[in-house]
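Student: Structure for this input, please:
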Amino acid sequence: MRIRIVDAFSERPFTGNPAGVVLLDSDAFPDDTWLQQVATEVNLSETAFAHPLPQGGDADWALRWLTPAAEVDMCGHATLATAHVLHTAGTATGTVRFRTRSGVLITTADDSGSITMDFPTAPLIPVEVPGTVAEALGAEILSAHDTGPHVGDLLVELADEKSVRDLSPDFKALAGRVGRGVIATAPAQDPAAGYDFVSRCFFPYVGVDEDPVTGSAHTALAPFWSARLGRDALVSLQGGARTGFVRTELRGDRTLLTGSAVTVIDGELLAAG
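Tutor: Residues are numbered from 1 along each chain as shown. As a prediction, this is how the structure comes out:
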């Protein structure tokens with residue numbers, strides 16, 4: 001079967017967030033052990049596995065996402081990568097509905113190649129600033145919010161863009177926090193630069209020290225910054241060494257995430273499940 005590596009939330013190779021994509025011909029997923037072995041072998045923050053569903057149902061494809069160490073409930077960039085592969089391969093046009101652990105997620109491609117994903121908006125539950133997280137990040141935290149069960153992150157607000165960019169976390173200490181990880185965010189230093197806020201995401205608990213551009217995190221970042229900036233439509237810049245842009249639009253209990261993608265590797269997976 002074919003396996004692709006796709007850079008998501010980017011218009012050019014070697015930027016954005018790479019994801020593995022495996023489209024299965026079967027009507028069910030292979031054994032969980034095989035899925036995890038493939039994801040571990042690919043060794044990217046997520047590898048997406050999808051198989052077609054019978055016509056007439058509430059979704060077109062079943063979709064799962066695995067890190068090198070665990071399966072996750074929600075992943076934006078690997079969903080974007082999967083939709084990109086379906087469209088570029090001519091398997092789908094327009095809207096694609098995915099059945100996932102987080103319900104049915106809908107993606108829509110436009111004529112320019114951009115793909116918009118319709119995801120559930122994450123709850124933002126204020127929590128006490130954990131001293132262990134502040135120590136692990138090495139930065140002062142202004143506020144902290146739990147992002148609910150599907151995202152599973154702690155969102156922490158830092159003072160400014162430089163504080164986010166300069167982070168050099170103690171990943172071993174962060175790995176001790178139960179939950180997917182930590183989202184660090186701050187307002188853009190110069191909104192005229194073309195983005196409204198910045199973020200970085202650290203997930204050592206699930207085997208990913210830093211995820212370059214995390215779509216699912218923006219289901220929490222969008223309501224967080226929309227409330228502060230007074231606008232439903234925003235642009236985000238995420239990442240450290242690799243970066244990418246996410247366009248967000250808050251629509252109540254749903255968040256639209258828009259980005260582009262590019263396939264950088266198209267090969268054959270010989271160890272079939």
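Student: Quick check: Phe224 vs Ala144, distance?
Tutor: 11 Å (CB to CB, to the nearest Å). Glycine gets a C-beta too; all of them are placed from N, C-alpha and C.
Student: Now for Thr119: which residues touch it?
Tutor: One correction, residue 119 is Phe, not Thr. 74, 76, 102, 105, 215-216, 219, 254-257 (CB atoms under 8 Å, 6 or more residues apart in numbering).
Student: Just checking the distance from stretch 26-35 to the centre of its chain.
Tutor: 22 Å (CA atoms, centre = their mean, to the nearest Å).
Student: Mind listing what's buried along it?
Tutor: 29, 35 (16 or more other CB atoms under 10 Å).
Student: Any idea how far apart the tips of it sit?
Tutor: End-to-end distance of stretch 26-35 (CA to CA, to the nearest Å): 14 Å.
Student: what about dumping the CA coordinates of the one helix or strand Asp266 maps to to PDB?
Tutor: Per DSSP states H and E: Asp266 is located in strand 261-268. The C-alpha coordinates for strand 261-268 follow below in PDB (Å, rounded to 0.1, in the frame of the first residue of the first chain):
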ATOM      1  CA  ALA A 261      -0.500  21.200   2.500                       C
ATOM      2  CA  VAL A 262       2.100  19.700   0.200                       C
ATOM      3  CA  THR A 263       3.100  16.100  -0.400                       C
ATOM      4  CA  VAL A 264       6.900  15.600   0.000                       C
ATOM      5  CA  ILE A 265       7.300  11.800  -0.100                       C
ATOM      6  CA  ASP A 266       5.100   9.200  -1.900                       C
ATOM      7  CA  GLY A 267       6.200   5.700  -1.400                       C
ATOM      8  CA  GLU A 268       5.300   2.100  -0.800                       C
END
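Student: so what does it touch, helix or strand wise?
Tutor: Judged by 3 or more CB pairs under 8 Å, 6 or more residues apart in numbering; DSSP states H and E, strand 261-268 is in contact with strand 2-8, helix 76-88.
Student: so of those, which one's packed in deepest?
Tutor: helix 76-88 (a mean of 27; mean count of other CB atoms under 10 Å).
Student: related to what we said a few turns ago, which among the contacts of Phe119 count as buried?
Tutor: Using 16+ other CB under 10 Å, the buried ones in the contacts of Phe119 are 74, 76, 102, 105, 215-216, 219, 255-257.
Student: State the number of residues packed around the closest residue to Gly239 other than its chain neighbours.
Tutor: Nearest non-adjacent residue to Gly239, counting by CB to CB, 6 or more residues apart in numbering: Pro212, 4.5 Å away. Pro212 is flanked by 24 other residues according to other CB atoms under 10 Å.
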